[in-house]
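A.B. asks: Any chance you can model this:
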Amino acid sequence: MRKLVGRNFSRLRREKGLTQEQVEERSGFSQQYLSSLERGRRNPTVITLYELAVALEVSHLDLVMPDEEDG
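C.D. replies: This is a model prediction of the structure:
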């Protein structure tokens with residue numbers, strides 16, 4: 001699940017044309033945290049997922065939806 005969230009977050013961030021630093025400004029989460037999240041090394045809480053989704057202007061469900069690697 002951590003890797004799935006990381007992949008989805010990274011993909012959505014890039015689709016929005018945002019850098020990790022820009023998401024840091026929008027969300028309050030450090031660039032180091034966001035980098036670890038994208039690498040699947042963080043286990044975000046439901047609240048964190050919601051706050052990241054708000055920063056990306058997407059649904060929180062977009063962060064946990066299975067991708068092509070998961071079938």
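
A.B. asks: Show me where this structure has its helices.
C.D. replies: Per DSSP state H, the chain has helices spanning 2-15, 20-27, 31-38, 46-56. These are given in chain order.

A.B. asks: mind giving me a markdown table with those helices and columns for mean pLDDT, mean neighbour count and distance to Glu68?
C.D. replies: No exception for glycine: its C-beta is placed from N, CA and C like everyone else's. Supplementary listing: those in a markdown table, determined by pLDDT from 0 to 100; neighbours: other Cβ atoms under 10 Å; distance: least, Cβ to Cβ, whole Å:
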| stretch | mean pLDDT | mean neighbour count | distance to Glu68 |
| --- | --- | --- | --- |
| helix 2-15 | 97 | 17 | 10 |
| helix 20-27 | 97 | 16 | 23 |
| helix 31-38 | 98 | 18 | 17 |
| helix 46-56 | 97 | 17 | 20 |
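
A.B. asks: most centrally placed residue in the protein?
C.D. replies: Phe9 (2.8 Å; Cα atoms, centre = their mean).

A.B. asks: For that one, give me its contacts.
C.D. replies: When contacts are counted by Cβ atoms under 8 Å, 6 or more residues apart in numbering, Phe9 is found next to 34, 37-38, 52, 56, 63.

A.B. asks: same thing but 6 Å
C.D. replies: Residues counted as contacts of Phe9 (Cβ atoms under 6 Å, 6 or more residues apart in numbering) are 37-38, 63.

A.B. asks: ditto for Arg13
C.D. replies: Contacts of Arg13 were listed using Cβ under 6 Å, 6+ apart, and they are Val23.

A.B. asks: how far away is it from Met1?
C.D. replies: Distance of Arg13 to Met1, given as Cβ to Cβ, to the nearest Å: 18 Å.

A.B. asks: Equivalent analysis for Gln22, please.
C.D. replies: In this structure, Gln22 and Met1 are 25 Å apart, going by Cβ to Cβ.

A.B. asks: what's the closest of the helices of the chain to Asp67?
C.D. replies: Proximity of the helices of the chain to Asp67 was assessed by Cβ to Cβ; the nearest stretch is helix 2-15, lying at 5.9 Å.
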